[in-house]
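> build the 3D model from these lines:
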Amino acid sequence: METPPARPPHRLDPSGGFPHTVNARLLADGAVARVELPGGIEGMAVLGHEALKDFLQHPEVAKNARHFTALREGRIPAGWPLLTFATVQGMTTADGEDHRRLRSLVGRCFTPRRVARLRPRIEQLTEDLLNDLARAAEAAGGVADLRRHFALPLPMGVICELLGVEARFRDRLHHLSNQVVATDIEPAEAIAANRELVAVLGEIAAAKAAAPADDLTGALIAARDEGGDRLSDQELIGTLLLMIIAGHETTLNLITNAVRALCAHRDQLDLVHAGGASWADVVEETLRWDAPVSYFPFRYPVCDLTVDGTSIPAGTPVLAGYSAAGRDPSAHGPDADRFDVTRPARPDAVRHLSLGHGAHYCLGAPLARLEAGIALERLFTRFPALELAAPEAELAPHSGFVGNSVRTLPVRLAPAPSRGA
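As a prediction, this is how the structure comes out:
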């Protein structure tokens, strides 16, 4: 009997789009899928929950791009939109002792105890931003973009305060971060955005070196200037870049997606208001059901691997399919597509992987959970009738297939007046 021809790789749409329909189709064929990355580069995506959990902690899987065959062979151009993910010098591209060294330099700022101390500041910033949101809505006939006025400035403000980054840099950093993580950007734009972001971070670091302060950037500069091998110049800039992007983009999408989910499932919101579930439950279910990161680049097998029956050649760039794993029926049951805030409390519930697993588990997970929980509780306490001001189907998806959310989230803070009023 002849072997049927191999299914062609799934071409990931560089412009993004909501991932769940495609994920379900790919998962139906198996836990691992061949994918085509921008520029015709072949890769793989691990989509199934158990397969991804195993892959994320596999001892023969690396993060350092020296294992990336296409890059090593010169087949990746300078303006490739995913190049920064592969080559930035920091925790996300380091293995072994280098990874432990870099993670230890910032890890002390993100312990649960230290994060808990940030609660009063996060609560105050949340209240200030809710006032800004109310003013924006009042000025625009009752509708405001929640993503712009609330979901973005909260995590960006917190991470920049931790780093000691002045407010005047924040809008520019977000704009450049968006370009760096976009997968539909033109090569010349990608190169320019990366250069400008590095230049801005260099300016911030130089100012901090000239006027040392008790913040995370100051601590990183001290580690660099102590000599030895604690931190290089490139690792300093790479760490700042990763902290700013990961420190606000993930939480921005998490808050945005949670508001969308609750507005579309008012029964679940009512359940939380009635005490039948907690805001922490909302955060966990949103992470599972609509992960803020859809396909995270990259990991590379250092030898040929077989994952859930699928061969992955050494040096292949592999995406972690967090949004697919979160709705994998084999792990989360036949109702995996259902948003259910009581799910995390069920004894048979499987913990999601949306913040990673293993040595590279998200360092900022406690902070993201705290920020999102406070934001959602304060938002829906102050505006219990908040609703989307546009149909879900009309919301434009996030640009690119790495992040998973919408570009804007217009909301109405109070019910629209009836026509007879």
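> ends of stretch 337-353, how far apart?
The first residue of stretch 337-353 is 16 Å away from its last residue (CA to CA, to the nearest Å).
> who's in contact with stretch 20-32?
For stretch 20-32, the surrounding residues in contact (CB atoms under 8 Å, 6 or more residues apart in numbering) are 7, 10, 33, 44-48, 50-52, 290, 307-310, 312, 321, 323-324, 327-328, 337. C-betas here are computed from N, CA, C, even on glycine.
> strands - which of those land there?
Counting by DSSP state E, the contacts of stretch 20-32 place His10, Ala33, Met44, Ala45, Val46, Val307, Thr310, Ile312, Gly321 in strands.
> as CSV, these with distance to Pro297 would be great.
Shown next, in CSV, are the ones in strands among the contacts of stretch 20-32 (distance: CB to CB, whole Å):
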residue, distance to Pro297
His10, 16
Ala33, 15
Met44, 11
Ala45, 10
Val46, 12
Val307, 17
Thr310, 19
Ile312, 15
Gly321, 11
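> can you pick the most crowded of those?
Ranked by neighbour count (other CB atoms under 10 Å), those have Gly321 at the top, with 32 neighbours.
> would you enumerate the residues in contact with it?
Asn23, Ala33, Ala45, Val46, Leu47, Leu52, Ser294, Tyr295.
> same question for Gly358.
With CB under 8 Å, 6+ apart, Gly358 has these contacts: Leu56, Gln57.
> what distance do you get for it to Gly39?
29 Å (CB to CB, to the nearest Å).
> that older thread, quick one: which of the contacts of Gly321 is nearest Leu118?
Ser294 (27.7 Å; CB to CB).
> what is the neighbour count of the closest one?
Using other CB under 10 Å, Ser294 is surrounded by 31 other residues.
> who's in contact with it?
Pro19, Gly321, Tyr322, Ser323, Phe401, Val402, Gly403, Asn404.
> one more time with 6 Å
With contact taken as CB atoms under 6 Å, 6 or more residues apart in numbering, Ser294 is in contact with Pro19, Ser323, Phe401, Asn404.
> same check, this time on Pro155
His248, Thr251, Leu252, Glu371.
> for the longest helix along the chain, packing partners?
In the chain, with assignment by DSSP state H, the single longest helix is helix 233-264. Applying 3 or more CB pairs under 6 Å, 6 or more residues apart in numbering; DSSP states H and E, we find helix 233-264 packed against helix 153-163, helix 187-210, helix 279-289, helix 365-382.
> export the next helix or strand after the first one to CSV, keeping only CA atoms.
Heading C-terminal from helix 153-163, the first helix or strand you meet, by DSSP states H and E, is helix 170-181. Presented in CSV, the C-alpha positions along helix 170-181 are these (Å, rounded to 0.1, in the frame of the first residue of the first chain):
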residue,chain,number,x,y,z
ARG,A,170,6.2,54.8,27.8
ASP,A,171,4.1,55.6,24.7
ARG,A,172,7.1,55.2,22.5
LEU,A,173,8.1,51.9,24.2
HIS,A,174,4.7,50.5,23.6
HIS,A,175,4.6,51.5,20.0
LEU,A,176,8.0,50.0,19.3
SER,A,177,7.2,46.9,21.3
ASN,A,178,4.1,46.4,19.1
GLN,A,179,6.3,46.6,16.0
VAL,A,180,8.9,44.2,17.4
VAL,A,181,6.3,41.5,18.2
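> tabulate the helices and strands packed on helix 233-264 (TSV), appending distance to Glu127 and mean pLDDT.
Output for these, formatted as TSV (distance: least, CB to CB, whole Å; pLDDT from 0 to 100):
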stretch	distance to Glu127	mean pLDDT
helix 153-163	11	94
helix 187-210	27	92
helix 279-289	16	98
helix 365-382	7	97
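> mind putting those helices into a markdown table with distance to Cys303?
As requested, these are exported to a markdown table (distance: least, CB to CB, whole Å):
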| stretch | distance to Cys303 |
| --- | --- |
| helix 153-163 | 37 |
| helix 187-210 | 31 |
| helix 279-289 | 32 |
| helix 365-382 | 30 |
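> what's the closest of these to Val272?
helix 279-289 (6.1 Å).
> just the residues contacting the closest one, thanks.
The contact list for helix 279-289 (CB under 6 Å, 6+ apart) reads 257-258, 261, 326, 339, 341, 343-344, 352, 354, 369, 372-373, 376-377.
> ok, which pair from the residues you listed is furthest apart?
The span of the contacts of helix 279-289, defined through CB to CB, is set by Gly326 and Glu377 at 22.6 Å.
> and the two? Which one has more around it.
Gly326 (26 against 17).
> distance of the residue lying closest to that one once chain neighbours are set aside from Asp184?
Excluding its sequence neighbours, the residue lying closest to Gly326 (CB to CB, 6 or more residues apart in numbering) is Arg288, at 4.4 Å. The spacing between Arg288 and Asp184, counted by CB to CB, is 27 Å.
> how about Gly17?
If you measure Gly17 against Asp184 using CB to CB, the figure is 10 Å.
> Glu249 now?
16 Å.
> what of Arg100?
For Arg100 relative to Asp184 (CB to CB), the value is 35 Å.
> same question for Val158.
29 Å.
> same thing with Arg170?
24 Å.
> ditto for His174
According to CB to CB, His174 stands 18 Å off from Asp184.
> compare the two and say which is more crowded by neighbours.
Applying other CB under 10 Å to His174 and Asp184 shows that His174 carries more neighbours, namely 19 against 14.
> which residue is the nearest non-sequential neighbour of that one?
Nearest one to His174, counting by CB to CB, 6+ apart, is Met156 at 6.0 Å.
> need the contact list for that neighbour.
Met156 is in contact with Arg170, His174, His248, counting by CB under 6 Å, 6+ apart.
> enumerate every residue touching the spatially most central residue of the chain.
Centroid-nearest residue in the chain, with CA atoms, centre = their mean: Thr250, separated by 3.2 Å. Contacts for Thr250 were tallied using CB under 6 Å, 6+ apart; they are Pro292, Ala368.
> gap between it and Gly40?
Between Thr250 and Gly40 the computed distance is 29 Å (CB to CB).
> swap in Ile76?
Separation of Ile76 from Gly40 (CB to CB): 11 Å.
> and these two? Which one has more around it.
Ile76 (20 against 10).
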